[in-house]
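Peer 1: Sequence first, predicted model second:
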Amino acid sequence: MSTQDSGRIVTMLQVRLHALNDLHLTLKHIHWNVVGPHFIAVHEMIDPQVDQVRSMTDDLAERIATLGGEPDGTPGALVKARTWNDYSIGRAEAIEHLGALDLVYTALIKDHREAMRATEESDPVTQDMLIEQLRGLELFQWFVRAHLESSGGRLSTRGATTESGAAGQAADQARNQP
């Protein structure tokens, strides 16, 4: 691999590292702040996701180092580099957190897929790692969406563009179910 390709991939992976570090902190935040009748189900569903996302960050950091980069996992670097807003939901019912988390996963998966496509020619080893991470992230989103979907397949957060909007839509649907 050329030095130019390796540098480009290191830069891209650093952004993915920040995104996954942010996700694992967001998941712990949800784990600590979820309440309501589905508390235990969501509380216990989140911790394995945290553990697997942390493992993904380790894989990314090690790949950055393997390619000659210096992985930066400090909170300050994450906040300085991120292009997304901080998770906006505090103490809330399980369904509200799941509605917001669905949007978090959607954005993260979209960006991970772009990184996967960008490594197809220049670094199939990194692409393989990203594909495996996508498999896990998409599985986690499926777990979340199982709480948000009607039996007819309608997603309660459909069309939501903000975490608070998705949280509200999910809560409204839950309240209006027969």
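Peer 2: On my side now, so go ahead. No experiment lies behind these values; they were computed from the predicted model shown.
Peer 1: Could you pull out the strands in this protein for me?
Peer 2: Assigned by DSSP state E, the strands in the chain fall at 34-35, 92-93.
Peer 1: now the residue positioned nearest the centre of the chain, nearest residue through space, not along the chain?
Peer 2: With distances taken as CA atoms, centre = their mean, Tyr105 lies nearest the centre of the chain, 4.2 Å away. The spatial neighbour of Tyr105 that comes closest, neighbours along the chain excluded (CB to CB, 6 or more residues apart in numbering), is Gln141 at 4.0 Å. In short, each C-beta sits where N, CA and C put it, glycine included.
Peer 1: got the contact list for the one you found?
Peer 2: Asp102, Tyr105, Thr106, Ile109 (CB atoms under 8 Å, 6 or more residues apart in numbering).
Peer 1: what residue ranges in this protein score low on pLDDT?
Peer 2: The chain contains residues with pLDDT under 70 at 178.
Peer 1: Report all helices and strands that the biggest helix by length in the chain contacts.
Peer 2: If you go by DSSP state H, the chain has its longest helix at helix 3-33. Counting by 3 or more CB pairs under 8 Å, 6 or more residues apart in numbering; DSSP states H and E, the packing neighbours recorded for helix 3-33 are helix 39-66, helix 75-81, helix 94-118, helix 124-146.
Peer 1: is it true that Ala170 touches Ala94?
Peer 2: No. With contact defined as CB atoms under 8 Å, Ala170 does not reach Ala94; the gap is 9.4 Å.
Peer 1: Now stretch 171-178: buried residues?
Peer 2: For stretch 171-178, a neighbour-count test (16 or more other CB atoms under 10 Å) marks Ala171, Gln173, Ala174 as buried.
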